[in-house]
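> give me coordinates for this.
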Amino acid sequence: MTPAVTMDAGALASAAAHTAGVGVRTVDDVAGIRAVADFLADVWQLPHTNPPYPSEVLHSLVHAGGAVHAAYAAGPRGERLAGAAVAVFGPPADRGAYSFVAAAGASDRGVGFALKQAQRVWALERGARVMRWTFDPLVRRNARFNLVKLGAVGAEYLVDLYGPMNDGVNDGDESDRLTADWDLNTPGTADDTGDEAARARATEVRRAPDGGPLAVRDDRRLWCRVPEDIVALRAADPALGSRWRHAVREVFTGAYAEGLRATSMSRDGWYLLTPDPLEESRS
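Numbers count the residues shown, from 1 in each chain. Next up, the predicted model:
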């Protein structure tokens, strides 16, 4: 990657951290990594004795060449941890980095974006061209952040990737995931290409578990709706949450078999799936 691109990425990362009111830095000391492990346990609603990423695992990832980024905000008693992200760098031939996790406190707006920009700089400095991670396709706020705010593409749909999960966020649901592919050469924010007028003219092809439209399409594009808050829905009505999982899975697996990919998410919860832009860029 050219020095100019890396410099631009650094400027964007600094601006994002300033906007969020945090300082972002890598951590590799025992106390810092322990604090990150505890923070991630709180986000996943798990006891500190059973975090999703134990501190010894985080230390091993850092030792293997990865990075733990932490975002710190000013608090009444000094710095407080407001977010964290973990990534590793792939082999040079792959030119890819993989982000295991990125999380921010519920009240800390802009921290997630600042963390991703810091990860971007770290990856670019090591020659990476793309960063990948997975996310739950039913969580619309994450989909909008990944596909619109960052400009990533949903490169693949994975059915029940992790099997049953027993954390406080995913309990009782199958672990379908979308893989986000983020071109690190992008400036950081994509245009919101969800065309509401075109969606309104499209033909309904499936109904959702709540009785409304689930999927509509035209000759080249498909739109698929997801619930407003799947985490709250799963807690209140696990059976309905499961019906949403299977309904969206059926739409996505069919669309991906056709060569469509998730490229945007509207504010009102509709994915836009279009012909694979990654494939078109290679042709």
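> residue boundaries of the helices in the stretch 101-250 of the chain?
Along the stretch 101-250 of the chain, the segments classed as helices by DSSP state H, counting those that start in this stretch run 111-125, 140-144, 196-201, 230-236, 238-258.
> excluding sequence neighbours, find me the nearest residue to residue 186.
residue 151 (4.7 Å; C-beta to C-beta, 6 or more residues apart in numbering). In this view, the C-beta of every residue, glycine as well, is placed from N, C-alpha and C.
> show me the shaky parts of the stretch 101-250 of the chain.
165-172, 187-194 (pLDDT under 70).
> still on that earlier bit, need the winner for burial among the helices of the stretch 101-250 of the chain.
Neighbour counts (mean count of other C-beta atoms under 10 Å) averaged over each of the helices of the stretch 101-250 of the chain peak at helix 111-125, with a mean of 25.
> which strands or helices does that helix pack on?
helix 3-20, strand 22-26, strand 67-75, strand 78-89, strand 96-104, strand 130-135 (3 or more C-beta pairs under 8 Å, 6 or more residues apart in numbering; DSSP states H and E).
> list the contacts of that helix.
Here helix 111-125 makes contact (C-beta atoms under 8 Å, 6 or more residues apart in numbering) with 1, 5-6, 9-10, 12-13, 16-17, 19-20, 22, 24, 26, 67, 69, 71, 73, 82-85, 87, 89, 97, 99, 102-105, 131, 145, 149-150, 182, 184, 188.
> filter the residues you listed to the buried ones?
Among the contacts of helix 111-125, those that count as buried by neighbour count (16 or more other C-beta atoms under 10 Å) are 1, 9-10, 12-13, 16-17, 20, 22, 24, 67, 69, 71, 73, 82-85, 87, 89, 97, 99, 102-105, 131, 145, 149-150, 182, 184, 188.
> who's in contact with residue 137?
143, 154, 157, 176-178, 226, 248, 252, 262, 271.
> give me the phi and psi for it.
Per-residue torsions, residue 137: phi -70, psi -20 (degrees, to the nearest 10).
> distance of it from residue 211?
21 Å (C-beta to C-beta, to the nearest Å).
> and stretch 57-73, how far from the chain's centre?
Centre-to-centre, stretch 57-73 and its host chain are 18 Å apart (C-alpha atoms, centre = their mean, to the nearest Å).
> quick one: end-to-end distance for that stretch.
25 Å (C-alpha to C-alpha, to the nearest Å).
> quick check: mean pLDDT of that stretch?
When pLDDT is averaged along stretch 57-73, the result is 96.
> buried sites along it?
58-59, 61-62, 66-73.
> could I get the phi/psi values of the residue of the chain positioned farthest from its centre?
Centroid-distance maximum for the chain: residue 77 at 31.2 Å, with C-alpha atoms, centre = their mean. Phi and psi for residue 77, reported as degrees, to the nearest 10, are phi -120, psi 30.
> let me know the pLDDT of it.
81.
> same check, this time on residue 2
61.
> in JSON lines, list the helices of the stretch 101-250 of the chain along with distance to residue 46.
Putting the helices of the stretch 101-250 of the chain into JSON lines (distance: least, C-beta to C-beta, whole Å) gives the following:
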{"stretch": "helix 111-125", "distance to residue 46": "20"}
{"stretch": "helix 140-144", "distance to residue 46": "19"}
{"stretch": "helix 196-201", "distance to residue 46": "39"}
{"stretch": "helix 230-236", "distance to residue 46": "15"}
{"stretch": "helix 238-258", "distance to residue 46": "19"}
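> out of those, nearest to residue 33?
Ranking these by proximity to residue 33 (C-beta to C-beta) places helix 111-125 first, at 15.6 Å.
> and that closest one, how far out from the chain's middle?
Distance, centroid of helix 111-125 to centroid of chain: 13 Å (C-alpha atoms, centre = their mean).
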